[in-house]
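# Just need the structure, nothing else, for what follows:
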Amino acid sequence: MGMNLSPDETLACRWAPADDVLYRAYHDEEWGVPEYDPRALWEKLQLDGMQAGLSWITILRKRDTIREEFDLFEPESIARWDATRIEKALQNPGIIRSPKKIQATIGNAQVYLDMMDAGENFSDWLWAFTGGKPIVNQLTDISQVQARTPLSEDMSKALKKKGFKFCGPVIVYAFMQAVGMVNDHETRCPRHREIQELYS
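Residues are numbered from 1 along each chain as shown. Down below sits the predicted model:
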């Protein structure tokens, strides 16, 4: 191969098995990449909220169907959902059919729009918690990943104060990892360095 790297230094994070094409693509292309688009951040927060009590791979496998049912996660559209529209969604076996999570998504869309109307940019508001740039951790093993942090607890409290639902500190930390507010790729994973170089 002409390289002196040990196998450990060339492997992706252990949670992204090579034999799961969908999970690995998510790891290689999306997870940990800093996202600054307000609507995309709002969508990801909703998906992480829908994950509550489930595994992320469950959401990942249903994501395209969920996006289609939820009007491509356009807050302006979801905020106007009524009982008839909720009932239509509940008939779709390809989504997470939880009335509470659907109601939360509608309410969260309304809160998002209220923030916009008040001149608050959702992206700027969220990224202010990390000083506007990713926090780069130095994890050598997935076992070192925390489920929640003091920062995710602060963000969770602030989101709840705004009126958001399904945004506890564990959900929020998973969200922060996914949208690149925190780089939690293992240091042996090529993406740890690649993301850092792209957005440093």
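
# going forward, measure contacts and count neighbours with C-alpha atoms only.
OK.

# Give me the phi and psi for the residue nearest the centre of the chain.
Centroid check for the chain by CA atoms, centre = their mean gives residue 175 as the closest residue, at 3.5 Å. Main-chain torsions, residue 175, degrees, to the nearest 10: phi -60, psi -50.

# how far away is it from residue 183?
In this view, residue 175 and residue 183 are 12 Å apart by CA to CA, to the nearest Å.

# Equivalent analysis for residue 19, please.
Counting by CA to CA, the gap from residue 19 to residue 183 is 23 Å.

# of those two, who's got more company?
Shown here are residue 19 and residue 183; by other CA atoms under 10 Å, residue 183 has more neighbours (26 against 8).

# So what does the residue lying closest to the more buried one once chain neighbours are set aside have for phi and psi?
Leaving aside its chain neighbours, residue 183 sits nearest to residue 136 (4.8 Å; criterion: CA to CA, 6 or more residues apart in numbering). Main-chain dihedrals, residue 136, degrees, to the nearest 10: phi -100, psi 110.

# Correct me if wrong: residue 136 contacts residue 184.
Yes. Applying CA atoms under 8 Å, one finds residue 136 in contact with residue 184, separated by 7.1 Å.

# Break down this structure into its strands, ranges please.
135-136, 182-183 (DSSP state E).

# Would you quantify the distance from the closest residue to residue 148 other than its chain neighbours to residue 34?
Leaving aside its chain neighbours, residue 148 sits nearest to residue 170 (5.0 Å; criterion: CA to CA, 6+ apart). Distance, residue 170 to residue 34, by CA to CA: 19 Å.

# okay, these two: which has more neighbours?
Neighbours around residue 170 and residue 34, counted as other CA under 10 Å, are more numerous at residue 34. The numbers are 23 against 19.

# what's the neighbour count on residue 191?
The burial count for residue 191: 24, using other CA under 10 Å.

# I should have written residue 146 there, sorry.
By other CA under 10 Å, 11 other residues sit near residue 146.

# Tell me the spacing between it and residue 181.
In this view, residue 146 and residue 181 are 14 Å apart by CA to CA.

# Ok, residue 74 next?
Applying CA to CA to residue 74 and residue 181 gives a distance of 22 Å.

# neighbour count winner among those two?
residue 181 (25 against 15).

# what sits against the more buried one?
By CA atoms under 8 Å, 6 or more residues apart in numbering, residue 181 lies in contact with 32, 34, 127, 130, 133-135.

# For the residues you listed, could you give me JSON lines that also reports pLDDT and distance to residue 99?
Output for these, formatted as JSON lines (pLDDT from 0 to 100; distance: CA to CA, whole Å):
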{"residue": "32", "pLDDT": "97", "distance to residue 99": "30"}
{"residue": "34", "pLDDT": "97", "distance to residue 99": "31"}
{"residue": "127", "pLDDT": "98", "distance to residue 99": "30"}
{"residue": "130", "pLDDT": "98", "distance to residue 99": "33"}
{"residue": "133", "pLDDT": "95", "distance to residue 99": "35"}
{"residue": "134", "pLDDT": "96", "distance to residue 99": "34"}
{"residue": "135", "pLDDT": "96", "distance to residue 99": "35"}
